[in-house]
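Engineer: Structure for this input, please:
(one chain, ligands or ions: 3)
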Amino acid sequence: MYSIQLGISHAIGGLAPKPERDILMQDFKTIESVDHYFQGSRQTPNAHRYSNFRFESFAPMAFRYFRNYFGIDPHDFVLSLCNQPLRELSNPGASGSIFYVSADDEFIIKSVQHKEGEFLKKLLPGYNMNLNQNPCTLLPKFFGFYSYICNSKTVRMVVMNNLLPSSIKLHEKYDLKGSTYKRKASDMERSKKVPTFKDLDFLELHPDGIMLEPETYAALIKTIQRDCRVLESFKIMDYSLLLAIHNVDLAATEEAERGLNKLAKDERNVTENAGIRRITKPNQNSSTSRRRLVAHSTALESIQMKYDADVVTENIPSGGVPARNAKGERLLVFLGIIDILQNYRLEKKLEHTLKALIHDGDTVSVHRPDFYSQRFENFMANQVFRKVSSS
Ligand code: ATP
Ligand code: CA
Ligand code: CA
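Structural biologist: Numbers count the residues shown, from 1 in each chain. Ligands and ions are numbered 1, 2, ... in the order given. Below you'll find the model as predicted:
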């Protein structure tokens with residue numbers, strides 16, 4: 001982790017003297033490679049206590065352009081990622097990827113396989129075109145692609161936006177694909193403090209889905225459909241909607257129960273009268289009310305919704321999408337589309353034929369990209385999210 005931080009900070013620093021300019025097609029193909037010898041060198045004057053390693057930055061000018069586009073100052077980027085230890089996430093995925101989150105919750109570093117890295121390289125020009133047309137998207141935002149090489153070991157990693165705040169309690173978390181075949185969290189996963197549930201678990205826990213105001217529903221579904229069209233055009237499959245729920249009412253009850261604050265109860269009564277103006281006692285965490293570093297990055301911004309500043313209170317991290325469950329409890333929903341570096345290749349086609357032979361082709365999660373995106377959209381629009389009838 002320390003070496004990676006060293007590599008990133010050196011790579012970003014090295015870009016500073018290069019004048020800003022438009023990106024060119026060849027910028028998507030450049031690789032910059034730096035050897036970090038532990039004793040230091042002319043290129044890397046600072047010695048370090050770790051093994052010698054090589055650090056490669058892929059398409060540095062293109063990623064600088066993306067970071068700029070999202071309003072990320074290079075200095076802030078390095079401070080976020082390299083100035084404090086990163087937190088490692090336990091990954092429920094089967095791929096064995098490593099996930100690190102920056103201390104300020106802004107960025108995620110995910111290790112990716114060779115094939116995924118190669119695919120990202122091919123994707124970049126199209127990804128850039130798409131960003132320019134539409135900054136409001138639930139698709140991952142890529143801020144860097146690096147390789148750490150030590151002896152014969154190579155770790156490839158992407159830097160992306162982090163979707164989930166750590167400053168408030170997330171009561172439920174789902175990884176949804178729109179498939180029902182084997183889409184149930186394992187017992188091992190369930191035993192975790194906040195398990196990542198899957199499609200079948202969602203249907204069981206929320207048979208009536210999650211309720212949204214009509215405009216919110218329309219904006220969210222439109223964004224998902226637009227994003228799915230892009231993914232389909234790149235023949236991408238196997239992506240998920242990451243969905244995390246903060247239950248505002250439950251959180252208030254939990255707080256009251258803990259007896260931490262008698263005041264909280266009184267405040268809640270006030271809240272009941274004043275609609276959703278004030279929600280819970282502030283959880284005195286400076287990061288909750290701080291402006292996000294990355295522009296267009298909160299769930300709300302991604303679907304192009306704006307709310308009155310005082311409706312979303314200052315003690316709840318802004319950016320969650322307001323919703324309700326079937327019981328009428330107020331929720332804040334954090335979401336985004338993840339794991340998009342898998343493209344439909346021959347292996348998948350074979351897997352599809354085999355699985356389609358064995359199971360009903362409709363419920364297996366390995367399908368052609370057009371089928372995958374259609375099923376994904378339908379699942380989100382009809383099962384996961386529902387429009388509250390305005391009465
Ligand atoms: P697999 O290929 O086996 O599905 P993976 O290693 O490719 O898994 P992902 O599917 O990308 O991993 O993500 C695994 C988990 O990591 C997600 O369910 C989620 O909990 C967390 N995660 C991934 N991306 C993000 C993100 N951008 N923000 C917050 N959490 C994330
Ligand atoms: Ca996945
Ligand atoms: Ca994956």
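
Engineer: show me what contacts the spatially most central residue of the chain?
Structural biologist: Nearest to the geometric centre of the chain sits Leu163, at 3.8 Å (C-alpha atoms, centre = their mean). The contact partners of Leu163, by C-beta atoms under 8 Å, 6 or more residues apart in numbering, come to 242, 244, 299, 334-336, 338. Backbone N, C-alpha and C define where each C-beta goes, glycine included.

Engineer: if I pick the nearest residue to Leu300 once chain neighbours are set aside, what's in contact with it?
Structural biologist: Counting by C-beta to C-beta, 6 or more residues apart in numbering, Gly319 is the residue found nearest to Leu300 once chain neighbours are left out, at 5.2 Å. For Gly319, the contacting residues are 165, 292, 297-301, 334, by C-beta under 8 Å, 6+ apart.

Engineer: mind checking the SS state of Gly319?
Structural biologist: Recorded secondary structure, Gly319: coil (DSSP: H, G, I helix; E, B strand; the rest coil).

Engineer: For it, give its distance to ligand 3.
Structural biologist: Look at Gly319 and ligand 3: by C-beta to the ion, to the nearest Å, they are 25 Å apart.

Engineer: got it, and Phe58?
Structural biologist: Distance from Phe58 to ligand 3, by C-beta to the ion: 19 Å.

Engineer: Can you name the element that comes right after the lowest-mean-pLDDT helix or strand in the chain?
Structural biologist: Least confident helix or strand, the chain: helix 286-289 with a mean of 42, by mean pLDDT, DSSP states H and E. Toward the C-terminus, helix 286-289 is succeeded by helix 299-302 as the next helix or strand (DSSP states H and E).

Engineer: CA atoms of that following helix as CSV?
Structural biologist: C-alpha atoms of helix 299-302 as CSV (Å, rounded to 0.1, in the frame of the first residue of the first chain):
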residue,chain,number,x,y,z
ALA,A,299,-26.0,9.7,-6.3
LEU,A,300,-28.3,12.7,-6.5
GLU,A,301,-26.0,14.6,-8.9
SER,A,302,-25.6,11.4,-11.0
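
Engineer: Excluding chain neighbours, what is closest to the residue nearest to the centre of the chain?
Structural biologist: According to C-beta to C-beta, 6+ apart, the nearest residue to Leu163 is Gly336 (4.2 Å).

Engineer: For Asn161, give me phi and psi.
Structural biologist: Here is the backbone geometry of Asn161 (degrees, to the nearest 10): phi -80, psi 140.

Engineer: give me the residue from the stretch 101-250 of the chain nearest ligand 1.
Structural biologist: Leu163 (3.7 Å; C-beta to the nearest ligand atom).

Engineer: Give me the neighbour count for Asp199.
Structural biologist: Asp199 has 24 neighbouring residues, counting by other C-beta atoms under 10 Å.

Engineer: go on, Asn83?
Structural biologist: 12.

Engineer: Could I get the contacting residues of Asn325?
Structural biologist: By C-beta under 8 Å, 6+ apart, the contact set of Asn325 is 206, 210-211, 245, 247, 331.

Engineer: Would you confirm that Val155 belongs to a strand?
Structural biologist: Yes. Counting by three-state DSSP, Val155 falls inside a strand.

Engineer: partner residues bridging Phe107?
Structural biologist: Asn161 (DSSP bridges).

Engineer: hmm, I was thinking of Lys153
Structural biologist: Cys150.

Engineer: in what helix or strand does the residue with the largest distance to the centre of the chain lie?
Structural biologist: Relative to the centre of the chain, the most outlying C-alpha is that of Arg42, 37.7 Å out, by C-alpha atoms, centre = their mean. Under the criterion DSSP H and E, no helix or strand holds Arg42.

Engineer: those strands in the stretch 1-150 of the chain, which residues are they?
Structural biologist: Using DSSP state E, counting those that start in this stretch, the strands assigned to the stretch 1-150 of the chain run over residues 31-36, 53-58, 87-89, 99-101, 107-112, 142-150.

Engineer: Give me the pLDDT for Asp310.
Structural biologist: pLDDT for Asp310: 44.

Engineer: Can you read off the pLDDT for the residue nearest to the centre of the chain?
Structural biologist: 95.

Engineer: Next one: it from ligand 3, what distance?
Structural biologist: Taking C-beta to the ion, one finds Leu163 at 15 Å from ligand 3.

Engineer: pretty sure that residue is in a helix, no?
Structural biologist: No. Secondary structure assignment places Leu163 outside any helix; it is coil (three-state DSSP).

Engineer: residues touching Ile23, list them.
Structural biologist: Per C-beta under 8 Å, 6+ apart, neighbours of Ile23: 61-62, 65, 128.

Engineer: What parts of this protein come near ligand 1?
Structural biologist: Counting by C-beta under 6 Å from any ligand atom, the residues of the chain close to ligand 1 are 91-95, 97, 99, 108, 160, 162-164, 175, 196, 240, 242, 338-339.

Engineer: Kindly recompute the last result at 8 Å.
Structural biologist: 89, 91-97, 99, 101, 108, 110, 112, 140, 160-164, 173, 175, 196, 238, 240, 242, 336, 338-339, 341-342 (C-beta under 8 Å from any ligand atom).

Engineer: what about stretch 84-102, how long is it end to end?
Structural biologist: End-to-end distance of stretch 84-102 (C-alpha to C-alpha, to the nearest Å): 8 Å.

Engineer: Then stretch 372-385?
Structural biologist: This stretch, stretch 372-385, spans 18 Å end to end (C-alpha to C-alpha).

Engineer: That stretch - what's its average pLDDT?
Structural biologist: Per-region confidence: stretch 372-385 scores 96 on mean pLDDT.
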